Structure formats: structure tokens, C-alpha cells
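1. everything below, folded, please.
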Amino acid sequence: MSAVAHLTPKTIGMLLIPPFFWAGNVVLGRLIQDLCPPVTLNFLRWLAAFLLVLPLAWRVLLPSGPVWRSWRRYALIGFLGVGTYNSFQYLALQTSSPLNITLVASSTPVFMLGLGAMFFGLKVRKRQWLGAALSITGVLAVLSRGDWHNLMQVHWVMGDLYILLATVEWAWYSWLLTQPKDPPALRADWAGFLMAQLAFGLIWSGLFAGIEWSSTQAEIVWGWSLMGAIVAIAIGPAVLAYRFWSLGVQRVGPGVAGFFANLTPVFAATLSVLALGELPQLYHVAAFVLIVGGIVVSSLCTRGDARI
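-> Residues are numbered from 1 along each chain as shown. The predicted structure is shown next:
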């Protein structure tokens, strides 16, 4: 792994903000799951975020703007980070719990490791594979609900599979963020860089929402609760979390940032108790220990490269 920036208090603060908002996103998404179809909720969330960012970054969408010269890159980033990731997350909430979802998503650094080795030139050491094995064991503990016989019977909740797919997408998205392929002026403008993703991601999410309405019995129950929730997840988990995650990944790289992403289950467990009354089970605790332990083991061999 290449050298990464020193973790200053400012950078730590940046990387603590996204997991808190992401935890709130899954808990809030669970609370309003009966008010709006999941894929449509993703579209409305990003539509609201687009309108919030538009006054700050409308110039990047001009025909002469930098977005169109690299439209294939932003179409892919928008597909992964905006168009589909949260759609899978909201779909997962239909059958799985917020704590399950955030625990499975805690395996993101493992997928970052695998994708980095396969496609981005990352040299993986044996200790890192050991860490990956520990983290995957933790994910399997969640998928099996603490009963390994469930794995033998392939008796999984569909939501767990959705969040696994979303986790792979997020790892790919995070690696793409590290590539120095953006114009420096655009990369330095957080609103412009987010708008480049939103412009294409909104098209993707709108397309998938249209498919949802044409193929299911979709229905929206409009009210202050739903509208307030959409505004909340647009400001926090969408705009602010994506801003600070992008800045954090650019500063310290996906591997180190992954440590902070693993705080999401801690925040989710706390918020679930407060908002949903869902108490963590023993297998949740065991899974979290395995996942975090795997990430720590994986990181030990990179400490010579990064001043953590």
C-alpha cells in the first residue's frame, strides 16, 4: 500500500462523521420502510441532495465543464456510489436489521483488499489474508444468525445478500476515488466533485426507480415524516458523509479509512436501541470482534508505510 497521510485530529474528525451518518441512515431507513419503496427512496434522497448542492456547483455541469471530458469515469462512479449502493442498502432493510446490515458492511476493507490486489496493483501479504479470513468469519456469523447450520442449509435473509453486493460496490467506489484521474480544480472543489457523481448517479437511480414502479406494486405514503426523513438523509448521509469520506480517503487511503467505517455498527447499535428497541445479540458482538480483529491484523503489516 502506498504511503498515506498522517492521521491528524482534523482527519480523524472527518472520518468519524460518515459512519455516524451512515448508521443513522440505516436506522432511519428502517423506520420509514413502509412509507416509500426502497429504490424510489434512494432516488428521492439523491434528488434532494442534487438540489442542495446545485447552487454551489452548477458550473461543472456547463457544456464546457470538466465533467463531460471524463463522463465515462463519473458515470461509473455515479452508478456505484449513488445509483445502486443505497438502493441495495434500502432493499436490505426490508428483510434484515440495521445492526446486521452495518456489521456485514464492516467487511468493506476486506473487499477493498481483494479488489486492490486484483485491479489496482496492491501487493497483499499473508498477514493481510489472515485478517481477511477473520473478517469474513465475522460476516458469516451475521449471515448465519449465530447458527452455522444455517450456512449449510443456505438459509439466508435476502437482505444480507443485498448488503454484501452493496459492500463490494462501495469498495470499488472507494478505490476509484483514489485514482488521480480528475482535473485538480474539480478534485479541490468538494461540491463540484460531488456534483459530478450526482449528475450521473441521479440518472441511474431514476432509471432504477422507474423499473421498480413498472414491475412492483409501488406506493408512496406522503407526509411530514417521510419528507423530513428524506431531507435528513439527503443532508447527513448523502451530502456531508460523502464529502468527508471523499476527503478522508484522499488523505489516508481506503485501507486506513476502513477502520473508521467499522465504527458504523457501534453507532447503529446505539441508535437501534434508542429508536427501534432492537437489542444486539451475542452473535452480533462476536461478529463485530472478528471483523474488527481482521482489519487490525490486516493493518499491522502496513504500519511501516503509514504513520497511524
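2. just want the phi and psi numbers for Ser107.
-> phi -80, psi 0 (degrees, to the nearest 10).
3. my guess is it contacts Gly138, does it?
-> Yes - under the criterion of Cβ atoms under 8 Å, Ser107 makes contact with Gly138 at 7.1 Å. Backbone N, C-alpha and C define where each C-beta goes, glycine included.
4. I'd guessed Gly293 sits against Ile136; true?
-> No - with contact defined as Cβ under 8 Å, Gly293 does not reach Ile136; the gap is 11.8 Å.
5. rewinding a little: which of Ser107 and Gly138 has more residues huddled nearby?
-> Ser107 (30 against 27; other Cβ atoms under 10 Å).
6. list the contacts for the closest residue to Gly223 other than its chain neighbours?
-> Nearest non-adjacent residue to Gly223, counting by Cβ to Cβ, 6 or more residues apart in numbering: Leu35, 7.2 Å away. By Cβ atoms under 8 Å, 6 or more residues apart in numbering, Leu35 lies in contact with 220-221, 223, 225-226, 229.
7. doesn't Leu35 belong to a strand?
-> No - using DSSP: H, G, I helix; E, B strand; the rest coil, the assignment for Leu35 is coil, not a strand.
8. quick one, strands of the stretch 151-300 of the chain?
-> Here the stretch 151-300 of the chain has no strands by DSSP state E, counting those that start in this stretch.
9. now do the helices in it.
-> 158-178, 184-188, 190-215, 224-233, 241-261, 264-275, 282-300 (DSSP state H, counting those that start in this stretch).
10. out of these, deepest packed?
-> helix 241-261 (a mean of 22; mean count of other Cβ atoms under 10 Å).
11. between helix 224-233 and that helix, find me the angle.
-> Angle of helix 241-261 versus helix 224-233, following axes from the mean of the first three to the mean of the last three Cα atoms, to 10 degrees, is 80 degrees.
12. when you give positions from now on, start the count at 45
-> OK, 45 is where the count begins now, so the last one is helix 285-305.
13. pLDDT (mean, whole number) over helix 285-305?
-> Average pLDDT, helix 285-305: 79.
14. only alpha carbons, please: show it as CSV.
-> Extracted as CSV, the C-alpha positions of helix 285-305 are listed here (Å, rounded to 0.1, in the frame of the first residue of the first chain):
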residue,chain,number,x,y,z
ALA,A,285,-21.0,11.9,4.7
TYR,A,286,-19.9,11.7,1.0
ARG,A,287,-18.0,14.9,1.3
PHE,A,288,-16.0,13.9,4.4
TRP,A,289,-15.5,10.3,3.2
SER,A,290,-14.1,11.5,-0.1
LEU,A,291,-11.7,13.9,1.7
GLY,A,292,-10.7,11.2,4.2
VAL,A,293,-10.0,8.6,1.6
GLN,A,294,-7.9,11.1,-0.4
ARG,A,295,-5.9,11.9,2.7
VAL,A,296,-5.2,8.4,4.2
GLY,A,297,-6.3,5.9,1.6
PRO,A,298,-9.1,3.3,1.6
GLY,A,299,-7.4,0.9,3.9
VAL,A,300,-6.9,3.3,6.8
ALA,A,301,-10.3,4.9,6.2
GLY,A,302,-11.8,1.4,6.6
PHE,A,303,-11.0,1.4,10.3
PHE,A,304,-13.4,4.3,10.7
ALA,A,305,-16.1,2.7,8.5
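15. quick one, it and helix 326-344 angle?
-> Using the same axes, to 10 degrees: helix 285-305 against helix 326-344 is 90 degrees.
16. and helix 285-305, what other elements does it pack with?
-> The contact analysis (3 or more Cβ pairs under 8 Å, 6 or more residues apart in numbering; DSSP states H and E) places helix 285-305 against helix 53-75, helix 152-163, helix 202-222, helix 234-259, helix 326-344.
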